[in-house]
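Enquirer: coordinates only, sequence not included:
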């Protein structure tokens, strides 16, 4: 079945640092890939959606692309702020329309 | 527009007790999902519906978990005879259409089984 692997459990940065979070995915179809963000006490909310390999999704200063050749999907931001502290999940929807989420990366930004 | 509403927000049970979680999706959303999110893990799909029909419940522990959506709107997830391993946040999400669109999540129901 479809799967996503998100190995970075926690990332700690200082304000204005560069953020890079990576996922790898596995699917037998053309995937749609997402990044969701979850703040404490809330459900996940959509941050970015990317439907085509090598195309960028951009939202709130975050960028995401996926590479079909390496089956990797990453999220980056040039300059993080303390308010970006949250848990970031990559997710995949494959041919069966089921969402599969990664384990999440907890980002802590120190002012 | 109102978001996805879940209740209760918190539940604390002893092992062997039962609990029901209720979800009211966004109006007009025909697809409804229940996810289980253990602490420090990603959401894991339990079951999802299109209107009142179950589309996939393959990850639902059928001996103790059940879910219904009788009129294709609100939904209830019930856990009979809860176990400590059921401790998690139960998230409801909705979307329009069985497609690759955005999921809208509720705030979740946090269950602790002692």
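Expert: Noted; the coordinates are in hand. Here the structure is a predicted model, which means the values were calculated and not measured.

Enquirer: what's the neighbour count on residue 57?
Expert: I'll assume chain A. Neighbourhood size, residue A:57 [other CB atoms under 10 Å in any protein chain shown]: 19. (C-beta placed from N, C-alpha, C; glycine too.)

Enquirer: Switch to chain B, please.
Expert: 17.

Enquirer: and what of residue B:114?
Expert: Residue B:114: 10 neighbours (other CB under 10 Å).

Enquirer: Equivalent analysis for residue A:50, please.
Expert: So residue A:50, with other CB under 10 Å, has 21 neighbours.

Enquirer: try residue B:109
Expert: Residue B:109 - counted by other CB under 10 Å - has 22 other residues nearby.

Enquirer: Could I get the pLDDT score of residue 23?
Expert: The chain I'm using is chain A. On pLDDT, residue A:23 comes in at 94.

Enquirer: other chain: chain B
Expert: With respect to pLDDT, residue B:23 has a value of 98.

Enquirer: again with residue A:1
Expert: 83.

Enquirer: In contact with it, which residues?
Expert: Residues in contact with residue A:1 (CB atoms under 8 Å, 6 or more residues apart in numbering or on different chains) are residue A:100.

Enquirer: Now name the helix or strand holding residue A:54.
Expert: Counting by DSSP states H and E, there is no helix or strand that carries residue A:54.

Enquirer: So in chain B, where's the weakest helix or strand by average pLDDT?
Expert: Ranking every helix and strand in chain B by mean pLDDT, DSSP states H and E puts strand B:53-56 at the bottom, with a mean of 92.

Enquirer: Near chain A, which residues of chain B? Just list them.
Expert: B:4, B:33, B:35, B:40-45, B:48, B:56, B:91, B:93, B:98-100, B:102-103, B:105-108 (CB under 8 Å from any CB of the partner chain).

Enquirer: rerun at 6 Å
Expert: B:41, B:42, B:43, B:91, B:98, B:100, B:102, B:105, B:106, B:107, B:108 (CB under 6 Å from any CB of the partner chain).

Enquirer: Apart from its chain neighbours, what residue comes closest to the residue in chain A that chain B sits nearest to?
Expert: For chain A and chain B, the shortest gap (CB to the nearest CB) falls at residue A:43, measuring 2.9 Å. Counting by CB to CB, 6 or more residues apart in numbering or on different chains, residue A:43 lies nearest to residue B:105, which is 2.9 Å off, once chain neighbours are set aside.

Enquirer: What helices and strands are in contact with the strand or helix carrying residue A:91?
Expert: Assigned by DSSP H and E, residue A:91 falls within strand A:86-93. Applying 3 or more CB pairs under 6 Å, 6 or more residues apart in numbering or on different chains; DSSP states H and E, one finds that strand A:86-93 contacts strand A:19-26, strand A:32-38, strand A:99-101.
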